[in-house]
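>>> quick one: sequence and predicted model below, then my questions.
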Amino acid sequence: MPGEHAYFSPSASSRWLECPASLYLYEGLGVKNETSTYAHEGTVCHEVAASCLVKKIPVSKYTGKVIQNVTMTPELIQGIQMYVDEVQGLTKEFNAIGGRIEQKVEISAECWGTVDAVVWNADTLVCIDLKMGKGVVVQAEDNTQLKIYSIGAMRYLLKNYNLRPKRIINYIIQPRTPNPIRKAEYTIEELQDFAKNKLAPVLKMKDEGKLSSEECNPGEAQCKWCDIKDCKAKANKAINDAARAFEPFTKLELPEIETATSGNPTLSTAEMAELKSNFKFITDWIGGIDKLLKDKALLGEAIPGYKLVEGKAHRKWGVQDSKVEDLLRVKKVEPYTKKILSPAQAEKALGKKTSREMGLHEYIVKPKGAPTLVAESDKRGEWKPEITGDEAAGELVKVVEVTTPPEVTTPPELTLVVDVDTVSTPTRARVLSIKERMALALAEKSEKEEEYKEQQVVVLDDEIAEEVKRKEGIRTPPRKGTKRLTVLEMGKTGKYTLQDVMDTLECSLNMVKMHLRYLHETNGYGYIIFKDDSFEIV
């Protein structure tokens, strides 16, 4: 049911069954579940699958169609077809006397959900859930979402058909993962035990008003999909786990984990910033340990508590391309895709001289990098979103604060107003017109660009791999026709990476860096190499 969500949502039950306090925090902090593009894609696939099952429409009819901005690719169509085939197959396998598609099932007024498909006979209930995601494998065994669906479906059968199946089977159909069909089987007694001892106590907490006094219970499963990223209990558990990992070496006493939801249950911005300042060294170190352990395991050494398994691999053709080409062309399927050359590939194909003569650089742009959070000591100008004319017209207009009259002791209240050129009331702020605001923004942007050009030094930070200050005095460019001049010209644009230079000059990375050092030592230029491999000569 689009737009509707149960307070005790079965899809989030792995969180709130283990940490009931998260329900109170979600409600108290106004946390809302944001729908991702992947979730939207899954919703559309569910709708298509339901239509195919109910209206007997061939899944292939949807191939290539765009539904709610989702293109039904062959991969999605194949996944939906697998699900449809499985639902139809299970209906026959169990000699189903009834079934429902997208059936709402209820435990209570605040705990309900929609099961993708449910079929049954007198003795067996089968609940089927379609998962279109491919990043995380969803297991059927002990899946709390499907257990709640099954309990709701049992209530539905008892109320409407006076049926009480003794055997319950839950299926997960996840087409884009290894072993895409997974199942778990339960007796009615096992589900009753789950309902009585696991589900009911949490449902009663809200009725009895106990959720607000319940303490958080952080853990890997319940925190994985929790949207309260600044939860203090989770942060304290992480700190405690880190202390536990180092305890054999430090012999320090382990800190207690604060889990109360009263007071301020979330981290302040300052606390999060302090934690972030220590992240990089620790994560880099842990990554090194992880790699070392893997290397030891590959050499045959036993790693306590761990084992090597086969990683994910993609299918590939096991015959010559020509055979695949012949096979596909039988059905008039184009076996090859076309992709335009990258700037570096084009320059390599044309040669540096021809590229310059043709003015190839005029066709090349280097997009601005995505904003990243760095230390305040970073000398680069603070990132600000660019405001276009259309965006400015649609925004609330900035307010310029005026001097408070002497008799007023409290600071003036800043009021946001919509697109007004002037405000005549003396106690109100003067409002910039859109034209004035845009002119001011352009002037600020130009001023910042000039300040950036005048900077001779950039402080090393997380984004910069290497920097060399330019020398005082006049810089002299290299001789024409030299590779060093090519490096200089590419570096001045700020559009290229070291790999681009390597491709253009057909040389090694060490050779490129040698040219940069000569540009500094002999010609007086400075340079900055960023961690994304881009570089700039200053």
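Cool, the structure landed. The model shown is predicted, which means the values in this text are computed figures rather than measured ones.

>>> so where's the stretch 301-450 of the chain shaky on pLDDT?
312, 386-450 (pLDDT under 70).

>>> mind listing the helices for it?
321-330, 343-350, 352-358, 389-394, 434-454 (DSSP state H, counting those that start in this stretch).

>>> for the stretch 151-300 of the chain, same thing?
188-194, 200-207, 220-224, 232-250, 269-276, 279-298.

>>> I'd like to know which of the ones you listed is closest to residue 45.
helix 220-224 (22.8 Å; C-beta to C-beta). (C-beta placed from N, C-alpha, C; glycine too.)

>>> could you look up the SS state of residue 104?
strand (DSSP: H, G, I helix; E, B strand; the rest coil).

>>> just give the closest residue to it, not the sequence neighbours.
Closest residue in space to residue 104, ignoring its immediate chain neighbours: residue 114 at 5.3 Å, by C-beta to C-beta, 6 or more residues apart in numbering.

>>> can you check residue 142 too?
residue 184 (7.0 Å).

>>> the one you found contacts residue 141, doesn't it?
Yes - between residue 184 and residue 141 there is a contact at 4.5 Å, judged by C-beta atoms under 8 Å.

>>> so for the two, which residue has more residues nearby?
residue 184 (17 against 11; other C-beta atoms under 10 Å).

>>> quick one: low-confidence parts of this structure?
For the chain, the ranges with pLDDT under 70 are 1-4, 32-35, 247-263, 278, 281, 312, 386-463, 465.

>>> now do the domain split for it, please.
10-213, 229-283, 338-362+455-538, 380-454 (automatic domain parsing).

>>> format those domains as TSV; extra columns: distance to residue 316.
Listed next are these as TSV, based on distance: least, C-beta to C-beta, whole Å:
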stretch	distance to residue 316
domain 10-213	16
domain 229-283	33
domain 338-362+455-538	18
domain 380-454	42
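
>>> of the ones you listed, which is nearest residue 322?
Per C-beta to C-beta, nearest to residue 322 of the domains of the chain: domain 338-362+455-538, 18.6 Å.

>>> that closest one: how far from the chain's middle?
33 Å (C-alpha atoms, centre = their mean, to the nearest Å).

>>> and that domain, end to end?
Using C-alpha to C-alpha, to the nearest Å, one end of domain 338-362+455-538 lies 38 Å from the other.

>>> from residue 110, how far out is residue 155?
Residue 155 is 15 Å from residue 110, where distance means C-beta to C-beta, to the nearest Å.

>>> how about residue 179?
35 Å.

>>> the more surrounded of these two?
Shown here are residue 179 and residue 110; by other C-beta under 10 Å, residue 110 has more neighbours (13 against 7).

>>> now the spatially closest residue to that one that is not a sequence neighbour: phi and psi?
Of all residues not flanking residue 110 in the chain, residue 7 sits nearest, at 4.1 Å (C-beta to C-beta, 6+ apart). Phi and psi for residue 7, reported as degrees, to the nearest 10, are phi -60, psi -50.

>>> and residue 7, what does it touch?
If you count contacts by C-beta atoms under 8 Å, 6 or more residues apart in numbering, residue 7 has them with 23, 110-111, 206.

>>> would you check that residue 346 makes contact with residue 355?
Yes - when contacts are counted by C-beta under 8 Å, residue 346 is listed as touching residue 355 (7.4 Å).

>>> which ChimeraX command selects the buried ones in the contacts of residue 7?
In ChimeraX, this line selects whichever of those come out buried by 16 or more other C-beta atoms under 10 Å:
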select :23,111,206
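
>>> residue 538: which of the contacts of residue 7 is nearest?
Closest to residue 538, out of all of these and judged by C-beta to C-beta, is residue 23, at 54.6 Å.

>>> contacting residues for the spatially closest residue to residue 58 that is not a sequence neighbour?
Spatial nearest neighbour of residue 58, chain neighbours left out: residue 52 (7.2 Å); criterion: C-beta to C-beta, 6+ apart. Shown in contact with residue 52 (C-beta under 8 Å, 6+ apart): 58-59, 62, 80, 84.

>>> for residue 104, give its distance to residue 272.
40 Å.

>>> now do residue 506
47 Å.

>>> quick one: which of the two has more around it?
Between residue 506 and residue 272, residue 272 has the larger neighbour count (other C-beta under 10 Å), namely 14 against 11.

>>> which one is the more buried one nearest to, not counting chain neighbours?
That would be residue 230: by C-beta to C-beta, 6+ apart, it lies 6.3 Å from residue 272.

>>> where along the protein do the strands fall?
Under the criterion DSSP state E, the chain contains strands at 66-67, 70-71, 98-108, 111-120, 124-130, 167-173, 181-187, 399-400, 430-431, 464-468, 527-530, 535-537.

>>> export those as a markdown table, with columns for distance to residue 327.
Listed next are the strands of the chain as a markdown table, based on distance: least, C-beta to C-beta, whole Å:
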| stretch | distance to residue 327 |
| --- | --- |
| strand 66-67 | 29 |
| strand 70-71 | 25 |
| strand 98-108 | 37 |
| strand 111-120 | 35 |
| strand 124-130 | 31 |
| strand 167-173 | 29 |
| strand 181-187 | 28 |
| strand 399-400 | 68 |
| strand 430-431 | 68 |
| strand 464-468 | 47 |
| strand 527-530 | 46 |
| strand 535-537 | 46 |
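
>>> what is the burial count for the residue nearest to residue 536 when sequence neighbours are not counted?
Of all residues not flanking residue 536 in the chain, residue 494 sits nearest, at 4.6 Å (C-beta to C-beta, 6+ apart). When neighbours are defined as other C-beta under 10 Å, residue 494 has 14 of them.

>>> in this structure residue 494 contacts residue 366, no?
Yes - shown here, residue 494 and residue 366 form a contact pair, counting by C-beta under 8 Å, at 6.3 Å.

>>> who touches both of these two?
Common neighbours of residue 494 and residue 366 (C-beta under 8 Å, 6+ apart) are residue 534.

>>> if I pick the residue nearest to residue 142, what's in contact with it?
140-143, 146, 169-170.

>>> give the contact list for residue 23.
7-8, 16, 206, 211.

>>> from residue 353, how far out is residue 518?
In terms of C-beta to C-beta, residue 518 sits 21 Å off from residue 353.

>>> neighbour count for these two, which is higher?
Neighbours per residue (other C-beta under 10 Å) separate residue 518 from residue 353, with residue 518 holding more: 16 against 10.

>>> and the closest residue to the more buried one other than its chain neighbours, how far from residue 473?
Spatial nearest neighbour of residue 518, excluding adjacent residues (C-beta to C-beta, 6+ apart): residue 484 at 6.0 Å. Per C-beta to C-beta, residue 484 is found 19 Å from residue 473.

>>> what of residue 194?
79 Å.

>>> before we move on, the earlier item: count of neighbours near the residue nearest to residue 104?
17.

>>> one more: the one 10 residues further on?
When counting by other C-beta under 10 Å, one arrives at 17 neighbours for residue 124.

>>> who's in contact with it?
94, 165-169.

>>> grab the two from those residues that are most spread out in space.
Longest span within the contacts of residue 124, C-beta to C-beta: 94 and 166, 13.3 Å.

>>> so which of those two has more stuff around it?
residue 94 (18 against 11).

>>> the closest residue to residue 216 other than its chain neighbours and residue 73: what is the separation?
Of all residues not flanking residue 216 in the chain, residue 233 sits nearest, at 3.6 Å (C-beta to C-beta, 6+ apart). Using C-beta to C-beta, residue 233 is found at 41 Å from residue 73.

>>> with residue 511 instead?
From residue 511 to residue 73 the distance is 44 Å (C-beta to C-beta).
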